[in-house]
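Visitor: Got a sequence here, can you model it:
(chains A and B)
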Amino acid sequence: MTETTTTEPWLDSNQKPYIQIVNVTKKFGDFTAIDNLSLDIYKNEFFSLLGPSGCGKTTLLRMLAGFERFTEGRVLVDGEDISEIPPHLRPINMMFQSYALFPHLTVEKNIAFGLKQDKLPDNVINQRVEEMLELVELTDFAKRKPGQLSGGQSQRVALARSLAKQPKLLLLDEPLGALDKRLREQTQFELMDIQEKLEVTFVIVTHDQEEAMTVSSRIGVMDSGKLIQVATPTQIYEAPINREVADFIGDVNIFKGIYKGQDEKGTQLLSEDSKSIIYATQKVDVPVGNRIWFALRPEKLEITRKLPEVDCNILKGKIEDIGYGGSFSTYHVKLKNGRQLTAIRANRERTAEHHLTWGDEVYLHWAPHSAVVLLS
Amino acid sequence: MTRFTKFNVSALVIGFTFLYLPIILLILFSFNESKLVTVWAGFSTKWYVELMQNQGIKDAAWVTFKVAFISSTVATLLGTIAGLVMTRFGNFRGRTLFSGMIYAPMVMPEVILGLSTLLTFITLAIDRGVLTITLAHITFSMCYVSVIIQSRMTSYDDSITEAALDLGCTPFRTFMLITFPIILPAIVSGWLLSFTMSLDDLVIASFTSGPGSTTLPIKIYSMVRLGVTPEINAVSTILVGLVTVGVITASLIGKRQKQQLAQS
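Guide: Below is the predicted model of the structure:
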């Protein structure tokens, strides 16, 4: 029997989850930080908890590390209930948002700290520290104190320190929050490489949706102590389950209206904006006359000056604003009723012959399969 | 714009003269040849030599040193614990009362503090001596230590402690290996402050001292009543020197610590 490795273990019912969070509730006085939350995370996943500040994502992470006790529920790691185990006995390591380096110890000693607690022999510790320094490319900085490091270097030391004990599960609390954009993007890829190389399960907390999309195998979108949707980045982006998720991840155009039934082109929506019927391929199972929404990502909205040769989903408007972004441009188009839509077009040609400009009358259209139908 | 205007310079000179002229005079006259305190008759260190032969002053100095050392050590221990409790245990029941009680000796008039400790010792039938002075000094210097520790702990990142726990360190070892070394400068400066405060306390010591336990400030005070001698100037100079060293060291440690914090 060979063990099958799958890239999407959550779809395979034979796979056993590595971390099981079962009906966990956390209350601070009257405030419910985590509300009856259940979640399975699998081995070698890079799982992101994404949500606005105060949604409970950090609390959930701290509960996994053992710094917060939960009011109800339990947490299993590899089948073992860890709810009652104090933090220093858990086989889990955490990388802190503030890095929390020990200011009085050198980089080397910071990394060695966890290994020393396990009473490992000196030569093993030295070897492991060296490996870790190499992994994060800080060999030359071994003798420095944290006060003499830049933000990016501190971040690497923190990562090396939390990985030194070779934990099976690493928790990362906004690990890249303090870095500037360029360094953050570079570090995201490094994190992914390290995660793959060491085969560690990563659970990361972030409020940066781009970061979550880039690094994760799956994303859990949280709000008010609840998980709203748990899915792969693609699913979260292309098939959000409600307006909240659609709006939180990326830009989106939402069309509000009344469900008018199905025909051969798909689901019909009487749009409040255009007062006409617009279409989405996705089918829904609600009574005719219900209020439903279409969500459409800006890059799926085609923008043209000529009337497009399609038989549905055409809206007319005027360009209000153009945001030039180098590789793409963002157009804000105002419809007749004053509603503003956002469209993104890649700038494929250096000098656009027929480029669009402010005040142009344009047509917007989209393929019915590009729109997502939302019921809430 | 120059910082050295006439007004600024004269303000500086007058200010420093006002503060330090008396002390400078005291130090100068301790090296006076003449027995007459106010008449300069040439440089000499003979009063220091005489001081060394004065058994009463030497005894008082030894008592003072013993009291200062023991009281500042115990006060540092208790004050550190109090400071840690105040900053790390959140809002426990009776926190406000406890914090008020820690601060009380700072604002209470010394006379009242001295009187109340005296009454306590009499009620408990404890003979006044080195022990009672030490206990009284612990009481009032502990609050200063706890204030210093508290202010250090407000800038202490709790996730450092959590990181140590997370890496498998037990809570006690975490305190010894992480928290203690980080706040050590604050503890040392608290100790130095308590030490100097115990060294130059007169009021509380005079309430709580007994026969055979005269401290240096009490000794000086009683000698002055019989007239100021160059000998007193000499012993005072030594005391001023000790206190100055203590306070400067404490403030240097504090300064270095601030710089370290600014770096990290």
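
Visitor: got the contact list for the longest helix anywhere in chain A?
Guide: Of all segments of type helix in chain A, defined using DSSP state H, the longest is helix A:181-198. For helix A:181-198, contacts defined as CB atoms under 8 Å, 6 or more residues apart in numbering or on different chains pick out A:44, A:46, A:135, A:151-152, A:155, A:159, A:163, A:166, A:172, A:175-176, A:179, A:200, A:202, A:211, A:214-215. In short, each C-beta sits where N, CA and C put it, glycine included.

Visitor: Kindly report the same for stretch A:123-138.
Guide: Applying CB under 8 Å, 6+ apart, the external contacts of stretch A:123-138 come out as A:107-108, A:111-112, A:115-116, A:120, A:139, A:141-142, A:153, A:156-157, A:159-161, A:163-164, A:194.

Visitor: Just the element for the residue of the stretch 1-150 of chain B found nearest chain A, please.
Guide: Relative to chain A, the nearest point of the stretch 1-150 of chain B is B:Asn91 (11.1 Å; CB to the nearest CB). Using DSSP states H and E, B:Asn91 sits in no helix or strand.

Visitor: And A:Lys27, by the same measure?
Guide: In this assignment (DSSP H and E), A:Lys27 forms part of strand A:19-28.

Visitor: That strand packs against which elements?
Guide: Strand A:19-28 sits against strand A:31-41, helix A:57-65, strand A:72-77, with contacts defined as 3 or more CB pairs under 8 Å, 6 or more residues apart in numbering or on different chains; DSSP states H and E.

Visitor: what about 6 Å?
Guide: Here strand A:19-28 touches strand A:31-41, strand A:72-77, going by 3 or more CB pairs under 6 Å, 6 or more residues apart in numbering or on different chains; DSSP states H and E.

Visitor: pull the CA atoms of it into CSV?
Guide: Below are the C-alpha coordinates for strand A:19-28, written out as CSV (Å, rounded to 0.1, in the frame of the first residue of the first chain):
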residue,chain,number,x,y,z
ILE,A,19,-5.7,19.9,13.3
GLN,A,20,-9.3,19.7,14.3
ILE,A,21,-11.0,22.7,15.9
VAL,A,22,-14.3,21.4,17.2
ASN,A,23,-17.1,23.8,18.2
VAL,A,24,-14.7,26.3,19.9
THR,A,25,-16.2,29.3,21.6
LYS,A,26,-14.1,32.0,23.3
LYS,A,27,-15.7,34.8,25.3
PHE,A,28,-14.0,37.8,26.9
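
Visitor: ok, that strand: who's next to it in the sheet?
Guide: Here strand A:19-28 is paired, per DSSP bridges, with strand A:31-41 (antiparallel), strand A:72-77 (antiparallel).

Visitor: Only C-alpha atoms, please: export the shortest one in PDB.
Guide: To tie it back to what came earlier, the one meant is strand A:72-77. What follows is strand A:72-77, C-alpha atoms only, in PDB (Å, rounded to 0.1, in the frame of the first residue of the first chain):
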ATOM      1  CA  GLU A  72     -16.100  25.800  25.100                       C
ATOM      2  CA  GLY A  73     -15.100  23.200  22.600                       C
ATOM      3  CA  ARG A  74     -11.800  21.400  22.000                       C
ATOM      4  CA  VAL A  75      -8.800  21.400  19.700                       C
ATOM      5  CA  LEU A  76      -7.100  18.200  18.500                       C
ATOM      6  CA  VAL A  77      -3.700  18.000  16.900                       C
END
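
Visitor: ok, residues contacting that strand?
Guide: Contacting residues not belonging to strand A:72-77 are listed as A:Ile19, A:Gln20, A:Ile21, A:Val22, A:Asn23, A:Val24, A:Thr25, A:Asp81, A:Ile82, A:Ser83 [CB atoms under 6 Å, 6 or more residues apart in numbering or on different chains].

Visitor: Also stretch A:292-306?
Guide: With CB under 6 Å, 6+ apart as the test, stretch A:292-306 has contacts from A:243, A:246, A:251-256, A:259, A:269, A:280, A:331, A:342-345, A:362-366, A:370-372, A:374-375.
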